[in-house]
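Chemist: Below is the structure, and that's it, no one-letter string:
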C-alpha cells in the first residue's frame, strides 16, 4: 500500500449510545433456548461491525504465526500456533455489543503490510462466514457458523466451525475449533464474559497436539485462566502452556512445570497443616467455602469442562494479579496490546477494531474495492455515526431487500446462490466439507458484482 494512503483513527465518529435505559429482559424473555442469531434485535444492542469484520480480528496478532513459521523445532511451532489461537480471543473481553449479521454474499477485505484476508458470507440458512488469510509465511482459513442462545441469566455463544493454519515451508497443517463464550448477568448485575471449554490443536503432519483448558471461574483465581500441554506423537508432554486469554500466554518445559508443581504442593501442604485460631484446619474452611459456590451443581457437571459455567449471585468475580502464575525460565509467547483510553466510550473496541470501517484513500468501489464490502453497509455506518434511527431503518430495508431477492429467485426458478470467492470441498484433515478460497479476489475484477446495499 502506498505511503500516506492508510488512515489511522483513534476514535469512532460518535460515542456509543448508553444502554442503561434498555430493558434487555423485555427483549429476551420470549427467547429462552432459542438461537438469537435468527432473531431481530434492536440496533442499540449492536456494535458497528459486521460479523465478517469480527472474524478479521483474529489477525490482530498475525505476527505470532510468522514467528511460528520461523521456528525450526516442531514443538516450538506448536507453542506459537497455540499462542495465536488464544490471542484471537482477547478482543472479546467486554465486547458486549452484537455484530451485525452479514448479508448473503457480503464480503470484507483487509490488507496489511505482512498479510491480507478476505471474508465472505457463503450461506444464510444456516449462517456461515468463510475467511482466508495469507502471507509469505502462512495461510489461515476456516468457516464459522455461530449459535447464540439465551439461557435465562446468561447468553451462550457457540462458534461452531474449524479453523486451519498452514505453513508451506514445513508442509504442515494445524486445525482446531474455538471454545464457547458465556455472557453473564444479562438481566441483573454487571455484564461480564468468560471463555470456557477445551481447545485441541492438532498438527496433522507429525501428530503433535496442544490441548488447552479454558477454565470456568468457579473461583476467583481461575478467572480467564487457560493452561495445557504440548505433546508429541507419542503423547509425551513437552511443554506446559499457561496464562490468561485476556492478557498473555507463557510456556515452560514440562520438567520445570513438574518442579514448580511439587513446590506448590509442598507450600499448600504446609498451609493446610496449619491450624486456625479455633483449632479448625484451614483445609476444612476451604472446602466449606467451595460448597457455597457450587452447592447446586452436580459433580458430573463440575467435572465436564465443556458444560456452561456456574451461576454467580454477584458481579464479576474478583481476579488476582495478571502475572500471579509465573514459573521460572518461562517464555512469553504472547501478550495483549493495551486498549485505547477511550475504549469504553466506543463499544470497548481495541485499536485494531477502531480501524475496521476505515475507507482508505485508494478504496474506490468497484475498481479497487468490491461493492459487497461491509464498509459500505449503510446500517453499520449509521450506527457508527450515532444515528440509531437511521441504522434501524437501513437494517430493516436491507433485510427486506434480501428476503425479496430470495423470493424473486425462487419465483423465476433461478439457481440457488453460489458464493463467488469460496467453494465447498472435502477436507482429509477434518473429515468433513469445508469452505476454501477459490481465488481471484485480489485481481480486482468486480465489474459484474452488484452491490447488496
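Modeler: Great, that's in hand. None of the values given here were measured: they were computed from a predicted structure.

Chemist: Can you list phi and psi of the most centrally placed residue in the chain for me?
Modeler: The chain has residue 89 as the residue nearest its centroid, 4.2 Å off, counting by CA atoms, centre = their mean. Here is the backbone geometry of residue 89 (degrees, to the nearest 10): phi -90, psi -10.

Chemist: which ones are touching it?
Modeler: Residues near residue 89 by CB atoms under 8 Å, 6 or more residues apart in numbering: 178, 179, 195, 245. For every residue, glycine as well, the C-beta is placed using N, CA and C.

Chemist: Now do the lengthiest helix in the chain: everything it contacts.
Modeler: Identified as the longest helix of the chain according to DSSP state H is helix 388-411. Where contact means CB under 8 Å, 6+ apart, the residues beyond helix 388-411 that reach it are 17, 40, 42-44, 46, 100, 103-104, 124, 377-380, 382-383, 414-417, 452-453.

Chemist: Stretch 169-178 too?
Modeler: Contacts of stretch 169-178 (CB under 8 Å, 6+ apart): 69, 74, 77-78, 81, 85, 88-89, 137, 144, 159-166, 199-206, 429-430.

Chemist: Please list the members of these that lie in strands.
Modeler: Among the contacts of stretch 169-178, the ones falling in strands (DSSP state E) are 144, 159, 160, 163, 164, 165, 166, 199, 200, 201, 202, 203.

Chemist: Filter those residues down to the buried ones, PyMOL style.
Modeler: Selection command for PyMOL covering only the buried members of these, criterion 16 or more other CB atoms under 10 Å:
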select buried, resi 144+159+163+164+165+166+199+201+202+203
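
Chemist: Show the low-confidence segments of the stretch 201-350 of the chain, by residue range.
Modeler: Scanning the stretch 201-350 of the chain for pLDDT under 70 picks out the ranges 219-220, 275-325.

Chemist: Now with 50, please.
Modeler: Low-confidence segments of the stretch 201-350 of the chain (pLDDT under 50): 284-305, 312-313, 318-324.

Chemist: Tell me the buried residues within the contacts of helix 388-411.
Modeler: Using 16+ other CB under 10 Å, the buried members of the contacts of helix 388-411 are 43-44, 46, 100, 103-104, 377-380, 382-383, 452-453.

Chemist: would you turn these into CSV with distance to residue 438, secondary structure and pLDDT?
Modeler: Shown next, in CSV, are the buried ones among the contacts of helix 388-411 (distance: CB to CB, whole Å; DSSP: H, G, I helix; E, B strand; the rest coil; pLDDT from 0 to 100):
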residue, distance to residue 438, secondary structure, pLDDT
43, 33, helix, 91
44, 38, helix, 90
46, 31, strand, 94
100, 25, strand, 95
103, 20, coil, 95
104, 17, coil, 95
377, 24, coil, 97
378, 29, helix, 97
379, 28, helix, 97
380, 26, helix, 98
382, 33, helix, 97
383, 32, helix, 97
452, 19, coil, 91
453, 23, coil, 92
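
Chemist: Next, format these as TSV and append distance to residue 351.
Modeler: TSV is the format used below for the buried ones among the contacts of helix 388-411 (distance: CB to CB, whole Å):
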residue	distance to residue 351
43	24
44	24
46	21
100	21
103	27
104	31
377	22
378	25
379	24
380	19
382	23
383	20
452	29
453	27
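
Chemist: Can you tell me which of those is closest to residue 216?
Modeler: Among the buried ones among the contacts of helix 388-411, residue 46 lies closest to residue 216 (CB to CB), at 27.6 Å.

Chemist: Show me what that closest one is bridged to.
Modeler: Beta bridges link residue 46 to residue 98 when assigned by DSSP bridges.

Chemist: Surely it is in contact with residue 98?
Modeler: Yes. At 5.3 Å, residue 46 counts as touching residue 98 under the criterion of CB atoms under 8 Å.

Chemist: mind listing the helices for the chain?
Modeler: For the chain, the helices defined by DSSP H occupy 24-28, 51-56, 63-70, 74-87, 254-273, 282-294, 299-302, 351-354, 378-384, 388-411.

Chemist: Please name whichever of those is nearest to residue 437.
Modeler: Here helix 51-56 is closest among the helices of the chain (CB to CB), at 13.5 Å.

Chemist: that older thread, and the helices of the chain: which comes nearest residue 237?
Modeler: Residue 237 lies closest, by CB to CB, to one member of these: helix 254-273, at 4.5 Å.

Chemist: Give the buried residues for that closest one.
Modeler: Neighbour counts over helix 254-273 (16+ other CB under 10 Å) mark 256, 257, 260 as buried.

Chemist: Could I get the contacting residues of the first one?
Modeler: If you count contacts by CB under 8 Å, 6+ apart, residue 256 has them with 240, 327, 328, 329, 330.

Chemist: what's the answer for the second one, then?
Modeler: Taking CB under 8 Å, 6+ apart as the criterion, residue 257 is in contact with 240, 327.

Chemist: where's it relative to residue 238, distance?
Modeler: 10 Å (CB to CB, to the nearest Å).
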